[in-house]
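Participant: Sequence first, then the predicted structure, then my questions.
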Amino acid sequence: MGGGGSKHEDEARHQREENAKLQAEIQKLKDERQRLNDEKHDLELKSTQAENAEKEEKLQRLNEKLEQTKANQQMMENLRKTQEEKRRLEEKIKLDNFARKLEEDAKARVEKETWLRQEAEKNLEEGIPPIRYPTGDQIAETRESLGYQEGLLHIAITGCSGSGKSSLINAVRGYKNPKTGFAALTSLDTVINNISPGHLAQTGTSETTTQIQRYADPHRARRGLAWYDVPGAGTLRVRDWQYFNDQGLYIFDTIMIAVGDRITKTDVDLLFHCKRFGIPTFFVRSKADQHIRNSMDEPYDEADEDEVRTGYIRQTRTEFNSILTKVGLPHQKIYIVSKETLRLLNDGKKPKPKSIIDEEELMRDVNDALHKWSTSVPADE
């Protein structure tokens, strides 16, 4: 009996020991599992934090980009508003300028109408008819009668009777004035065939031109130029007030006004008419050598001549500009010339240097006018 109980106790003890070992092993496994779970949790937590940090960084970048986009949009909106404000301001300035111009034009029209009315009343009191503009038919008829040709520059030389128009038109083409009974030609004629006396403008102490005469320019470089010698203004045949229209001067491309002994009201009226029709003018005081000689005392002295020449030039320019200022015309060049110096230059000869005043400048400006006119004409003309 006693031995069986001992055996039973031993088995129970052994079983307890085995159970204790098993429990210890189970606990160990639980601890390991807990450790692994804790590590897994830590890894998951770290992974989540990294992902969250990356997401946070990405979100930050998106927020920064969004803020930049908003700033750009605001900048563009500000720029648009600035441009719109600028456009409105420019439009306002344009409208203000337009309104000012309308006001100025209206004022100018009123002043012009007032002036025209006063001038018309004054003219009527003096028995002078009002200014009339030619019709289209009259312009076409005058052009045809005077041989106006498209593509050519037509220059009319006009002025008071006895101002030296015909001598001037001969000199600018390099010709001497014709002698009695025969038209004397310069050496330039030897290279030009078929020159007849009709190529020279007749000159004299009285008005020798009774109707407009047309003359070609013999110089090859000026073949596109047509000269016209116009009867003098202020004669019994042609009254001052009807001169410009009756002579058809409105058809010419350029007008050269020749002045003789003094600048007259007729010369100024011609300038007014040219301005009225928008015709460019050359204002030429001819006979310079004659005027200078007449102002000198005999016997002639070279130093005295230089002093008289300088004074004559200064006085002429001053007088001319003073007259233009008084009558309200813009200042312009007055060309002081002598026919002989002008003729020699156009004949290819060299006049004495001190005898030259404005002759070279006059011909240079005529050539420039011809060049500008030629380049402005369409090719098909």
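Facilitator: On my side now, so go ahead.
Participant: And the lowest mean pLDDT element among the helices and strands of the chain?
Facilitator: helix 240-246 (a mean of 76; mean pLDDT, DSSP states H and E).
Participant: elements contacting it?
Facilitator: helix 265-277 (3 or more CB pairs under 8 Å, 6 or more residues apart in numbering; DSSP states H and E). No exception for glycine: its C-beta is placed from N, CA and C like everyone else's.
Participant: which strands and helices sit next to the helix it packs on?
Facilitator: Partner elements for helix 265-277 (3+ CB pairs under 8 Å, 6+ apart): strand 153-159, helix 240-246, strand 254-259, strand 281-285, helix 302-327.
Participant: got the contact list for that helix?
Facilitator: Applying CB atoms under 8 Å, 6 or more residues apart in numbering, the external contacts of helix 265-277 come out as 131, 158-160, 233-234, 240, 243-244, 249-250, 255, 257, 259, 280-281, 283, 323-324, 327, 329.
Participant: which of these are buried?
Facilitator: Neighbour-count burial (16 or more other CB atoms under 10 Å) applied to the contacts of helix 265-277 gives 158-160, 233-234, 240, 243-244, 249-250, 255, 257, 259, 280-281, 283, 323-324.
Participant: Tell me which of the helices and strands packed on helix 265-277 lies nearest to residue 138.
Facilitator: Of all the helices and strands packed on helix 265-277, it is helix 240-246 that lies closest to residue 138, at 8.8 Å by CB to CB.
Participant: if I look at the closest residue to residue 323 other than its chain neighbours, how far off is residue 311?
Facilitator: For residue 323, ignoring the flanking residues on the chain, the nearest one in space by CB to CB, 6 or more residues apart in numbering is residue 263 at 5.8 Å. From residue 263 across to residue 311, the span is 17 Å (CB to CB, to the nearest Å).
Participant: returning to that earlier point: need the helices and strands packed on helix 265-277 in a markdown table (columns: distance to residue 72).
Facilitator: Listed next are those as a markdown table, based on distance: least, CB to CB, whole Å:
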| stretch | distance to residue 72 |
| --- | --- |
| strand 153-159 | 63 |
| helix 240-246 | 70 |
| strand 254-259 | 63 |
| strand 281-285 | 63 |
| helix 302-327 | 63 |
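Participant: Which of these comes out lowest on mean pLDDT?
Facilitator: For these, mean pLDDT drops lowest on helix 240-246, to a mean of 76.
Participant: buried set for stretch 251-268?
Facilitator: 251-260, 263-264, 266-268.
Participant: same thing with stretch 341-348?
Facilitator: Buried residues in stretch 341-348, counted by 16+ other CB under 10 Å: 341-347.
Participant: between those, which is closest to residue 149?
Facilitator: With CB to CB as the yardstick, the closest approach to residue 149 among the buried residues of stretch 341-348 comes from residue 346, at 22.4 Å.
Participant: same for the helix or strand residue 214 falls within, what does it pack against?
Facilitator: Assigned by DSSP states H and E, residue 214 belongs to strand 213-216. Using 3+ CB pairs under 8 Å, 6+ apart, the elements in contact with strand 213-216 are strand 225-229.
Participant: Okay, now the sheet partners of the strand it packs on, with direction.
Facilitator: If you go by DSSP bridges, strand 225-229 pairs up with strand 153-159 (parallel), strand 213-216 (antiparallel).
Participant: Going by distance to residue 306, which of the buried residues of stretch 341-348 wins?
Facilitator: Using CB to CB, the buried residues of stretch 341-348 come closest to residue 306 at residue 341, 15.6 Å.
Participant: Quick check: chain neighbours aside, which residue is closest to residue 358?
Facilitator: Nearest non-adjacent residue to residue 358, counting by CB to CB, 6+ apart: residue 335, 4.2 Å away.
Participant: which residues sit in contact with that neighbour?
Facilitator: Residue 335 makes contacts with 282-285, 358-359, 361-362, as judged by CB under 8 Å, 6+ apart.
Participant: now residue 248
Facilitator: Residue 248 neighbours (CB under 8 Å, 6+ apart): 134, 142, 145-146, 212.
Participant: Could I get those residues in TSV, plus columns for secondary structure, neighbour count and pLDDT?
Facilitator: Formatted as TSV, the contacts of residue 248 follow (DSSP: H, G, I helix; E, B strand; the rest coil; neighbours: other CB atoms under 10 Å; pLDDT from 0 to 100):
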residue	secondary structure	neighbour count	pLDDT
134	coil	15	84
142	helix	19	92
145	helix	11	92
146	coil	19	93
212	coil	18	90
